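Novice: dropping the sequence and predicted coords here.
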Amino acid sequence: MKIKYCDALVIGGGLAGLRAAVAAAQKGLSTTVLSLVPVKRSHSAAAQGGMQASLGNAKMSEGDNEDVHFTDTVKGSDWGCDQEVARMFVTTAPKAIRELASWGVPWTRIKRGNHEAVINTKRTTIFEDNDKHGLINSRDFGGTKKWRTCYTSDATGHTMLFAVANESLRLNVNIEDRKEAIALIHHENRCYGAIVRDLITGEIAAYVSKGTLIATGGYGRIYEITTNAVICEGIGTAIALETGIAKLGNMEAVQFHPTPLFPSGILLTEGCRGDGGVLRDKDGHRFMPDYEPEKKDLASRDVVSRRMMEHMRKGKGVESPYGTHLWLDISILGREHIEKNLRDVQEICEYFAGIDPADEGRKGWAPVHPMQHYSMGGIRTKPTGESPTLKGLFSAGEAACWDMHGFNRLGGNSVSETVVAGMIVGNYFADFCIENQIDIKTEIIEKFVFEKEAYMKELVSKDTGEDVFRIKNRMKRIMQEYVGIFRDGEGLEKAVSELEQLYVKSKNVAVKNKQLSANPELEEAYRVPMMLKVALCVAKGALDRTESRGAHTREDYPKRDDANWLKRTLTSWKEGDLMPTVEYEPLDIMKMEIPPGFRGYGAKGNLIENPQSAIRQQEVDEIREKMESEGKDRYEIQEALMPFELQSEYKRVNIRLGDK
Amino acid sequence: MARELTIKVLRYDPQQKSNGSVKAYFQEYKIKEADSMTIYLALTQIRETLDAGLSFDFVCRAGICGSCAMMINGRPKLACRTLTKDLPNEIILLPLPTFNLIKDLSVNTGVWMDAMSKRVESWIHSSKEIDIANIEEPVEPEVADAVFELDRCIECGCCVAGCGTKLIKEDFVGAVGLNRVARFECDPHDERTIDDYYELVGDDNGIFGCMTLLGCEDTCPKHLPLQNKIAYMRRKLATVQGS
Ligand SMILES: Cc1cc2nc3c(=O)[nH]c(=O)nc-3n(C[C@H](O)[C@H](O)[C@H](O)COP(=O)(O)OP(=O)(O)OC[C@H]3O[C@@H](n4cnc5c(N)ncnc54)[C@H](O)[C@@H]3O)c2cc1C
Ligand code: SF4
Ligand code: SF4
Ligand code: FES
């Protein structure tokens, strides 16, 4: 039996995992990163549009700072987020981007003088001063007050991931790809690493460590159509769930992106609309201003997705053999702009839809339809990134519910979160690994290994049973149909009960291919039951949450209900159960820097207020007024309203152009 | 009428090597072509309905991550963005040559690429202490764009598979490695000199091994200017050798 020891074990080699590994390696810890695929192929590579950080460099970003970014993030979350974490995040994001610049990310830079941009379909000239020349540029994204999304053309995730991966190589992080964590080793509420299957040889080994960090990304592949890479199956989330001790937060909060290419689901970045592209219906009419006169095509993602669905329900969609869709028109940006800043978008349109989006008029319009895109939910953590219930288990990135996104994430806030959490959580994680020892008996580790070895053998031994692909495809269909953009009690009931039946079936799968090494069917056989557990957490959470918040839209409960639902859903899974256990964790309004209010979309009355909101608002106003009259600066006021902890290195004031 | 496609895949499982009877062979699959079908869609359908044991690699299925390079009718290509309608009725799929075979169409590019990155020290070398709370160093926009142009490599391995030199010289760093050197050479954050790069790739397994046959540039799915950059680096490094 193979046992490998290290100080710090990171499961997942996307942006979050690698940046956390760097934090551990910087502190001199022996650090191992596991990944299903070569780390540079992680899903993070697919992020196109960019990374939010309030540098305030460009003309259209002037006046941006942490406070503005914070407000956007809290509103974007529909008040579902943890505001302390959002504060930690916005304070560190500018440092993250500057660090990445020094590691060689070739951020698109500002050029002095006049340049043209398309704003609200009109060509506009923007002038950049001399002193901005060469600083990091930013573009517009949905739901943000300022142009805050920094980018490298439309390959932002790729350039970031390569820089962070190379930095890990430099620091001699031990990167092992084609290794899948299939269970966590834990004992007496403490995590000691993972049981890992070699995807080539099939060997099962124990990776034992002082601390374990899960950064395995989202679970979009439980849906039929998604923008996510094929490896985003939520197995990392599932192994945390399967401990029965760690809990998942807000699993029902699933984001749908407005503009994946139809029907393939390959994403066309929000940068398309950020740069001035617009949505059109079957008549070529630009419909978003009819619904959202203020933010138009750049309203928050959940809002745009819903409006698109609404518009199609009115018969304004374009009929095609695959179903109804709408158009995304970026041709108005001009060929030159597209060929420079939206090149991958252009290639994707050419390869997967056979069109050139730079062609003028209808010819260049791309068919789009909202699809699953991002998992706001994940492994529940404290602000330090540690599970509140399973000591020594940390999580970061899309796999985590650190909870700065609440019920809706803003575009550009995710890759930003991955590196920022990689820094902050990575540091807390490293400290944990320094302060704690491995004090688990070998026989306990062995038990975990033997159990999984026996499980694999059992899976390949059955000659008759269910077909795993059919179960998987059925699960995806159910999620698509009943746990999508619009949800209601009846559909969700159906989803939950059918998923439960599927889960039972999934334990009786027969694998046709009998070998234990490199065997894709065997992988499905052990993953699908785990995926079903994740799916059940999503569906059950959605069924029980009888309100609409952010991306969670209940047609039978259209109001955001702060009186009853200002709380985070926690799901856990007891061994042997067929259904998750659902509990709730309240959000404390009296501690919020921005108490719940109107988000700025739709009708104002669509909200059941919590009486505490007004009380807290008054308190906040008074503190602010008093301190302002005493000449206190914004940092002091912020501290008085909602103190938050952060490593001193990251808490330092961010310097911007024009600051003293 | 939808075409019937015959997809021939080279099957071989080196994991079963101890079992002497296991040999490489071609397996034929017949499937109906669907509208805008890619090799990714075709292979997924084969695995789900005809042969659950067939191994191949896809991640992003969008031409972004570089996982799915394979030989498609004799040329190294990204399978996820290759449309079957652009191919004849018979499609022959082979794993990418020169990399270690895992099984069937799946090859171990990751280990090779990581070693390449380490070999050319594919990271910024700088002696400066960076204060990340302070304003970043300005970079000429054109220079940032030029670095970005070379940073777009997705390590798919097509250039390596299409390279005659690599077939002869196992330790050849390949166009992907030479491109990486060129990328850091033009990055203002990197303080390495031409002499430093000479240390890394100034030999026959590096820049002087390249026979400039252009196999790399022809197959690069990201259309990187490999030929120009290799020629440029060769000129620069040749001056070191002369001195
Ligand atoms: C098409 C697309 C475009 C996007 N564009 C943007 C954008 O412009 N801006 C933005 O902010 N966000 C964007 N996002 C979201 C953002 O890219 C992701 O949320 C983010 O990259 C997730 O990073 P991560 O490090 O958490 O996980 P990932 O990058 O998904 O990495 C997960 C890692 O875990 C590994 N792994 C998984 N399971 C296991 C296991 N069981 N054992 C071992 N390893 C495992 C994988 O191999 C991988 O290395 C986009 C998302 C999509 C789908
Ligand atoms: S030009 Fe050089 S690197 Fe490119 S294929 Fe030819 S020998 Fe290989
Ligand atoms: S240089 Fe081109 S062909 Fe070679 S690995 Fe990079 S992207 Fe692929
Ligand atoms: S699967 Fe990512 S490039 Fe083909």
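Specialist: Sure, I can see it. Ligands and ions are numbered 1, 2, ... in the order given.
Novice: what is the burial count for the residue of chain B found nearest ligand 1?
Specialist: For chain B, the residue closest to ligand 1 is B:Ala62, as judged by C-beta to the nearest ligand atom, at 7.1 Å. Every residue, glycine included, has its C-beta placed from N, CA and C. Neighbour count for B:Ala62, taken as other C-beta atoms under 10 Å in any protein chain shown: 26.
Novice: what do you get for the one 4 residues further on?
Specialist: With neighbours defined by other C-beta under 10 Å, the count for B:Gly66 comes to 26.
Novice: residue contacts, whichever residue of the stretch 451-600 of chain A sits closest to ligand 3?
Specialist: Nearest residue of the stretch 451-600 of chain A to ligand 3: A:Ala518, at 23.6 Å (C-beta to the nearest ligand atom). Contact analysis of A:Ala518 by C-beta atoms under 8 Å, 6 or more residues apart in numbering or on different chains lists A:Leu199, A:Ile200, A:Thr201, A:Gly202, B:Asp13, B:Gln15, B:Ser55, B:Ile102, B:Lys103, B:Ser106.
Novice: please repeat the previous calculation with a cut-off of 7 Å.
Specialist: A:Leu199, A:Ile200, A:Gly202, B:Asp13, B:Gln15, B:Ser55, B:Ile102, B:Lys103 (C-beta atoms under 7 Å, 6 or more residues apart in numbering or on different chains).
Novice: in a helix, the residue of chain B closest to ligand 1, correct?
Specialist: No - under DSSP: H, G, I helix; E, B strand; the rest coil, B:Ala62 falls outside any helix and is assigned coil.
Novice: what residue, apart from its backbone neighbours, is nearest it spatially?
Specialist: A:Ile266 (4.4 Å; C-beta to C-beta, 6 or more residues apart in numbering or on different chains).
Novice: how about A:Arg634?
Specialist: Per C-beta to C-beta, 6+ apart, closest to A:Arg634 is A:Asp67, 6.2 Å.
Novice: cool, and A:Ile195?
Specialist: Per C-beta to C-beta, 6+ apart, closest to A:Ile195 is A:Ala183, 4.3 Å.
Novice: repeat for B:Val176
Specialist: B:Cys159 is the one closest to B:Val176 (C-beta to C-beta, 6+ apart), at 5.5 Å.
Novice: count the neighbours of the one you found for me.
Specialist: B:Cys159: 28 neighbours (other C-beta under 10 Å).
Novice: likewise for A:Pro293?
Specialist: Neighbour count for A:Pro293, taken as other C-beta under 10 Å: 8.
Novice: who are the contact partners of the residue nearest the centre of chain B?
Specialist: Centroid-nearest residue in chain B: B:Gly157, 1.7 Å away (criterion: C-alpha atoms, centre = their mean). By C-beta under 7 Å, 6+ apart, the contact set of B:Gly157 is B:Ala69, B:Leu96, B:Phe99, B:Thr109.
Novice: mind listing residues that contact the lowest-mean-pLDDT helix or strand in chain B?
Specialist: Across the helices and strands of chain B, mean pLDDT, DSSP states H and E gives its lowest value to helix B:226-242, namely a mean of 86. When contacts are defined by C-beta under 7 Å, 6+ apart, helix B:226-242 is touched by residues B:150, B:159, B:175, B:178-179, B:181-182, B:185, B:194-195, B:197-198, B:202, B:207, B:210, B:212, B:214, B:216-217, B:220.
Novice: can you pull the contacts of A:Lys210?
Specialist: A:Asp7, A:Ala8, A:Cys433, A:Asn436, A:Gln437, A:Ile438.
Novice: most neighbours among those, which one?
Specialist: A:Ala8 (28 neighbours).
Novice: out of the contacts of A:Lys210, which are inside strands?
Specialist: A:Asp7, A:Ala8 (DSSP state E).
Novice: ok, so of the contacts of A:Lys210, who is nearest ligand 3?
Specialist: A:Ala8 (30.4 Å).
Novice: I figured the closest one hits A:Asp431, correct?
Specialist: No - assessed by C-beta atoms under 7 Å, A:Ala8 is found out of contact with A:Asp431, at 10.5 Å.
Novice: those residues of the stretch 551-660 of chain A touching ligand 3, which are they?
Specialist: Of all the residues in the stretch 551-660 of chain A, not one is in contact range of ligand 3 (C-beta under 6 Å from any ligand atom).
Novice: can you give me the helices for the stretch 551-660 of chain A?
Specialist: Using DSSP state H, counting those that start in this stretch, the helices of the stretch 551-660 of chain A run over A:562-565, A:611-629, A:634-641, A:648-651.
Novice: make JSON lines from those helices and add distance to ligand 1, mean neighbour count and mean pLDDT to it.
Specialist: Shown next, in JSON lines, are the helices of the stretch 551-660 of chain A (distance: least, C-beta to the nearest ligand atom, whole Å; neighbours: other C-beta atoms under 10 Å in any protein chain shown; pLDDT from 0 to 100):
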{"stretch": "helix A:562-565", "distance to ligand 1": "25", "mean neighbour count": "19", "mean pLDDT": "96"}
{"stretch": "helix A:611-629", "distance to ligand 1": "29", "mean neighbour count": "14", "mean pLDDT": "97"}
{"stretch": "helix A:634-641", "distance to ligand 1": "24", "mean neighbour count": "16", "mean pLDDT": "96"}
{"stretch": "helix A:648-651", "distance to ligand 1": "19", "mean neighbour count": "14", "mean pLDDT": "97"}
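Novice: okay, helices next: where are they in the stretch 151-300 of chain A?
Specialist: Counting by DSSP H, counting those that start in this stretch, the helices of the stretch 151-300 of chain A are A:156-170, A:235-241, A:271-274, A:288-291.
Novice: between the ones you listed, which one is nearest to B:Gly164?
Specialist: Minimum separation from B:Gly164 across the helices of the stretch 151-300 of chain A (C-beta to C-beta) falls at helix A:156-170, 27.3 Å.
Novice: and the residue of the stretch 301-450 of chain A nearest ligand 1?
Specialist: A:Gly397 (2.4 Å).
Novice: mind listing what that residue touches?
Specialist: A:Gly14, A:Leu15, A:Ala16, A:Gly17, A:Ala215, A:Gly217, A:Glu417, A:Thr418, A:Ala421.
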